[in-house]
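Student: My questions are about this predicted structure, shown below with the sequence.
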Number of protein chains: 2
Amino acid sequence: MAKKISDKVINRLTLYHCILMDYIEKNIEYISSKQLATLLKIDDSQARKDISILNNSGKSSVGYNVKELKISIEKTLGFEKNKKAFIIGAGNLGMALAKYDNFQNYGLNILALFDNDKSKIGKTVNNKLVLDIDKLPNLAKKSSVDIAILTVPRTYAQFIADYLVKCNIKHIWNFTPAVLSVPEDVQVWNENIMGNFLQFTYNI
Amino acid sequence: MAKKISDKVINRLTLYHCILMDYIEKNIEYISSKQLATLLKIDDSQARKDISILNNSGKSSVGYNVKELKISIEKTLGFEKNKKAFIIGAGNLGMALAKYDNFQNYGLNILALFDNDKSKIGKTVNNKLVLDIDKLPNLAKKSSVDIAILTVPRTYAQFIADYLVKCNIKHIWNFTPAVLSVPEDVQVWNENIMGNFLQFTYNI
């Protein structure tokens, strides 16, 4: 991973990866750059260029070997680096993310959900327990989790972020529409859903 | 909106907008570029540059007028353009999006949800009805909806996408991890959650 890969290329590589998983399910062995490009509505040359950074050796006259290309993408993007995370907020969004089995394929291991709602605590979602938020400090330390996926209502977001910082969480994947204030050594990744939407709709 | 604004700038402008909404709730009248920049952990000069494209006149010695800056962002990004949408799939993710009141602020008007699960049909989420998917063709036509927010399980995604295309939906906001195959005149916006995650974690 010496070479820095741009965000746009990472984004496309994960989409190729989705396509490859689909091909594997359908028992299709080979795929061409043209097929990948058509699905993403991009240029064939762009797909070839993206794949050229992968050190992928599975190219033949009939196209890329689907399984080998998938492994190349996984190696390049570091899917094998296991990352442990908690979901904070067991509402609809937290539940949806807990049920999202794809996370595991990408090396993201969700250990548990946290909430302060007594009616949710103790329940299980996709084999993950919903725990009392009071138990977070101890468990974060014990399991050396450093990613918190934040899905609480906007009005609680900063309060909970402060709490996460105190629990020594260094990465907050923020699904709330709040902009969080955190110390220098804490990283916030904003899943800016409305920002994405406005990018999409800006030209329509 | 003659000038094309880059995706990264649109993204930051929506984050400023979130901050401004928060300031308005707290009855704070002015904000400096430094305050905006600190929250996003970017350079002060970057925030000033972003704001300079807004034709915002509310700058004074004490900073930008919060309400005026908010309106400037809304005008520039076209929040007032009303966009009508349906949510397809009333699972956890569909429900979470239906409950997301921010959409309305950004000009996105979600009219209804659709599902094929009889136990969900007829329910109401955030004043939006869950309707039988069979009713979609007729309603899409009647209410001239052209955005479908796709939150069905991955295995149904392509099947439903084909159905949406037949219903003359021209924009699919795809929250599933499937890469959809659609005709030339249909736009798919991939909300590539894992792609975003890998961008974030690529360097940690």
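Tutor: Cool, the structure landed. Numbering: from 1, shown residues only, chains lettered A, B, ... in the order given.
Student: all strands of chain A, in order?
Tutor: Using DSSP state E, the strands of chain A run over residues A:30-31, A:59-60, A:63-65, A:83-88, A:108-115, A:124-125, A:128-132, A:147-150, A:171-174, A:187-190.
Student: The fourth one - contacts with which helices or strands?
Tutor: Here strand A:83-88 touches helix A:92-99, strand A:108-115, helix A:136-142, strand A:147-150, going by 3 or more Cβ pairs under 8 Å, 6 or more residues apart in numbering or on different chains; DSSP states H and E. C-beta: built from backbone N, CA, C; applies to glycine.
Student: just to revisit the earlier point, so can I have TSV of the strands of chain A showing mean neighbour count and mean pLDDT?
Tutor: Putting the strands of chain A into TSV (neighbours: other Cβ atoms under 10 Å in any protein chain shown; pLDDT from 0 to 100) gives the following:
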stretch	mean neighbour count	mean pLDDT
strand A:30-31	18	96
strand A:59-60	13	74
strand A:63-65	21	93
strand A:83-88	23	95
strand A:108-115	22	95
strand A:124-125	16	95
strand A:128-132	18	97
strand A:147-150	25	96
strand A:171-174	23	96
strand A:187-190	19	93
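Student: can you redo these as CSV with distance to residue B:111?
Tutor: As requested, the strands of chain A are arranged in CSV below (distance: least, Cβ to Cβ, whole Å):
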stretch, distance to residue B:111
strand A:30-31, 38
strand A:59-60, 47
strand A:63-65, 42
strand A:83-88, 30
strand A:108-115, 30
strand A:124-125, 29
strand A:128-132, 32
strand A:147-150, 29
strand A:171-174, 28
strand A:187-190, 28
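Student: Out of those strands, the one nearest residue B:15 is which?
Tutor: Minimum separation from residue B:15 across the strands of chain A (Cβ to Cβ) falls at strand A:187-190, 6.5 Å.
Student: related to what we said a few turns ago, show me the one of the helices and strands packed on strand A:83-88 that comes nearest chain B.
Tutor: Closest to chain B of the helices and strands packed on strand A:83-88 is helix A:92-99 (Cβ to the nearest Cβ; 3.7 Å).
Student: now that closest one against strand A:128-132, angle please.
Tutor: 140 degrees (axes from the mean of the first three to the mean of the last three Cα atoms, to 10 degrees).
Student: Off-centre distance for helix A:92-99?
Tutor: Offset of helix A:92-99 from its chain centre (Cα atoms, centre = their mean, to the nearest Å): 13 Å.
Student: hmm, it in reach of chain B?
Tutor: Yes - using Cβ under 8 Å from any Cβ of the partner chain, we find that helix A:92-99 touches chain B at A:92-93, A:95-96, A:99.
Student: Looking at the residues you listed, spot the one nearest residue A:74.
Tutor: After measuring the residues of helix A:92-99 next to chain B against residue A:74 - Cβ to Cβ - the closest member comes out as residue A:99, at 22.3 Å.
Student: For that closest one, list the residues it contacts.
Tutor: A:125-126, B:92 (Cβ atoms under 8 Å, 6 or more residues apart in numbering or on different chains).
Student: Next, format these as TSV and append distance to residue B:47.
Tutor: Below are these laid out as TSV (distance: Cβ to Cβ, whole Å):
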residue	distance to residue B:47
A:125	39
A:126	40
B:92	36
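Student: of these, closest to residue A:76?
Tutor: Nearest to residue A:76 among the contacts of residue A:99, with distances taken as Cβ to Cβ, is residue A:126, at 28.0 Å.
Student: Pull the contacting residues for the closest one.
Tutor: With Cβ under 8 Å, 6+ apart, residue A:126 has these contacts: A:98-99, A:101.
Student: Look up how far residue A:111 lies from it.
Tutor: Distance from residue A:126 to residue A:111, counting by Cβ to Cβ, to the nearest Å: 12 Å.
Student: Report the outermost residue of chain A with respect to its centre.
Tutor: residue A:61 (33.6 Å; Cα atoms, centre = their mean).
Student: quick one: that residue and chain B, what's the gap?
Tutor: To chain B, residue A:61 is 24 Å away according to Cβ to the nearest Cβ, to the nearest Å.
Student: OK, contacts around residue A:28?
Tutor: residue A:66.
Student: any idea how far chain B is from it?
Tutor: 14 Å.
Student: show me what contacts the residue most central in space within chain A?
Tutor: Centroid-nearest residue in chain A: residue A:103, 6.2 Å away (criterion: Cα atoms, centre = their mean). Residue A:103 sits next to A:97, A:109-110, B:194 when contact means Cβ under 8 Å, 6+ apart.
Student: how about 10 Å then?
Tutor: A:83, A:85, A:97, A:109-110, A:126, A:149, B:177, B:193-194, B:197 (Cβ atoms under 10 Å, 6 or more residues apart in numbering or on different chains).
Student: picking that back up, out of the contacts of residue A:126, flag the one nearest to residue B:33.
Tutor: residue A:98 (38.6 Å).
Student: How about that closest one: what's its closest non-neighbour residue?
Tutor: With Cβ to Cβ, 6 or more residues apart in numbering or on different chains as the criterion, residue A:98 has its nearest non-adjacent residue at 4.5 Å, and that residue is residue A:125.
Student: Quick check: that neighbour touching residue A:87?
Tutor: Yes - using Cβ atoms under 10 Å, residue A:125 is in contact with residue A:87, at 9.0 Å.
Student: which stretches of chain A have low pLDDT?
Tutor: For chain A, the stretches with pLDDT under 70 are A:1-3.
Student: could you redo the last one with a cut-off of 80?
Tutor: A:1-3, A:56-61, A:101-102, A:202-204 (pLDDT under 80).
Student: domains for it, by residue range?
Tutor: Chain A breaks down into these domains under automatic domain parsing: A:7-77, A:83-196.
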